[in-house]
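Undergrad: Using only what follows, build the 3D model:
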Amino acid sequence: MPPTSERAPHPRSDAAALVARRDTAVRAAVARGLVTDREPLVALIDVTGVRTAARALHAAFAAATAPGTEVLHTFAVKACPLVAVVRLLGDEGIGAEVASPGELALARAAGTPAERTVLDSPAKTPAELREAFALGIAVNADNLQELARLDDLAVAYGPAGADRLPPLGLRVNPQVGAGTIDALSTATATAKFGVALGDPGGRERVVRAFLDRPWLTRLHVHSGSQGVPADLMVEGVARTHALAEEVNARAGRRQVDTVDLGGGLPVDFASDDPDPGFARYARLLAHRVPALFDGRYRLVTEFGRALLARPGLVLSRVEYTKSAGGRRIAVTHAGAQIAARTVYAPEQWPLRVAGYDARGVPLATRPEVQDVAGPACFAGDLIARGRTLPRLSPGDHVAVLDTGAYFFAHPYAYNALPRPAVYGFLAAADGDPAAGTADGVSFATVRSAQTIAEVVAEAGGEHPDGLLF
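TA: Below is the predicted model of the structure:
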């Protein structure tokens, strides 16, 4: 489906334009007091960057697929579970892939239609499945035991209600191997997701599951994520397409009519390149599995990180600087509570840091090796280790880049640190006639900062005597 927005794409989507928007937004955020000594940490989302990525996704698959091919692009809500983000992507014609009751509620709050929503999860309860059926949301079963639960629900609809069933599919594990990050490799020999095709009898069990259930019409595969090379991702899709062809041949009809290409693309966290790589991925798929793109199958995608990582950043004040063992340390408010992956696995999740002065202007001080530390009370709370950066001083600011996915929207409540406010921004230079501000930037609240009272309430503050039996 084409984007619903009437905005024209921004003509300058290169790295220089991205950096210019970021620098303008940081300067405006500081000038307008979005980051202060009372709220020393905020997150910013580049609306133009999100829209540009969404349009690149549409264009990539439109160019690679046969005319008339039905493609539903969905956003993996887990990547940035914020209602306004899901709503913005919906405005660009992108639906929602959800993996929990909470994510489904977020998608519904954002106005995502049921027909543009897909429910995936390895642990769906009967109540979740009943809700999905009642709403008409597509469901991908994770395993054969879950299929048995779908059997019961399908029977409840009865033969006369078969046409009222939502789209139903089964997730398979093509077992193509691991990438460089084990925890994110979803298609290994022992991965917890899907039905393992390479295990003894696994493939035949899947085929039989489809032949026994005429209403089972989708195959779901998730072989890509951060650290997974393109050849493994494409091979996983190729094996799933071959399985679809086998099911249809043995059924004597086109029973599998949709292939759900779950999984995302790795993000280059070492550069400002705004290209998410959608076009290259679509071309690789079209070359390796041309029959998948010839119009016979509906396609579903579930990208997350590739759409949202680059447009997000976290901005923090530098509170103090010190030296230890000859190493300069900048103490900031950006730490484990907004970047737990980087703090606990820095080699796998390195993040870039940009320095700005007290006015929000890029620093031009002499570069030197520094650590950038967070506020959490443990020694490993470091966003950057031994990094060469412009010399940071108290009152300066640091921007932690490429954090729009799986970072500031996934708070870690260590030390009861509050969740930061999140603002979307749009620069007047991006062609928005409504951005008539003196500094050329419009801000909008995406999530308010968590108050200390809310922190106490979340910690059970209304039940102080709960353990005094």
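Undergrad: in the protein, what spans have low per-residue confidence?
TA: 1-13, 158-163, 175-192, 224-228, 428-436 (pLDDT under 70).
Undergrad: how about the helices of it, start to end?
TA: 15-31, 47-64, 83-91, 101-109, 126-135, 144-157, 202-211, 230-251, 278-288, 305-308, 340-344, 452-458 (DSSP state H).
Undergrad: Out of those helices, which is closest to L41?
TA: The closest of the helices of the chain to L41 is helix 15-31. By Cβ to Cβ, the value is 11.3 Å. Where C-beta positions appear, they are placed from N, C-alpha and C, glycine not excepted.
Undergrad: Show me what the closest one packs onto, helices and strands only.
TA: Helix 15-31 makes packing contacts with strand 41-46, helix 47-64, strand 312-324, strand 353-356, strand 397-401, strand 421-427, strand 441-447 when contacts are defined by 3 or more Cβ pairs under 8 Å, 6 or more residues apart in numbering; DSSP states H and E.
Undergrad: Mind listing what's buried along that helix?
TA: Across helix 15-31, burial judged by 16 or more other Cβ atoms under 10 Å covers A17, L18, R21, R22, D23, T24, A25, V26, R27, A28, A29, V30.
Undergrad: can you redo those as JSON lines with distance to G386?
TA: Below are the buried residues of helix 15-31 laid out as JSON lines (distance: Cβ to Cβ, whole Å):
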{"residue": "A17", "distance to G386": "31"}
{"residue": "L18", "distance to G386": "26"}
{"residue": "R21", "distance to G386": "29"}
{"residue": "R22", "distance to G386": "24"}
{"residue": "D23", "distance to G386": "25"}
{"residue": "T24", "distance to G386": "30"}
{"residue": "A25", "distance to G386": "28"}
{"residue": "V26", "distance to G386": "24"}
{"residue": "R27", "distance to G386": "28"}
{"residue": "A28", "distance to G386": "32"}
{"residue": "A29", "distance to G386": "28"}
{"residue": "V30", "distance to G386": "27"}
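Undergrad: Pick out whichever of these sits closest to G49.
TA: Within those, proximity to G49 (Cβ to Cβ) peaks at L18, which comes in at 6.4 Å.
Undergrad: That closest one is in contact with P274, isn't it?
TA: Yes - proximity of L18 to P274 meets the contact threshold set by Cβ atoms under 8 Å, at 4.9 Å.
Undergrad: Touching both of the two, which residues are there?
TA: Residues touching both L18 and P274 (Cβ atoms under 8 Å, 6 or more residues apart in numbering) are G49, R310.
Undergrad: Enumerate every residue touching the nearest residue to V441 once chain neighbours are set aside.
TA: With sequence-adjacent residues excluded and distances taken as Cβ to Cβ, 6 or more residues apart in numbering, V441 is closest to A28, at 3.9 Å. Residues counted as contacts of A28 (Cβ under 8 Å, 6+ apart) are G360, F425, T437, D439, G440, V441, F443.
Undergrad: Buried subset of those residues, written for PyMOL?
TA: Entered in PyMOL, the line below selects the buried ones among the contacts of A28, by 16+ other Cβ under 10 Å:
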select buried, resi 360+425+439+440+441+443
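Undergrad: No more questions from me, cheers.
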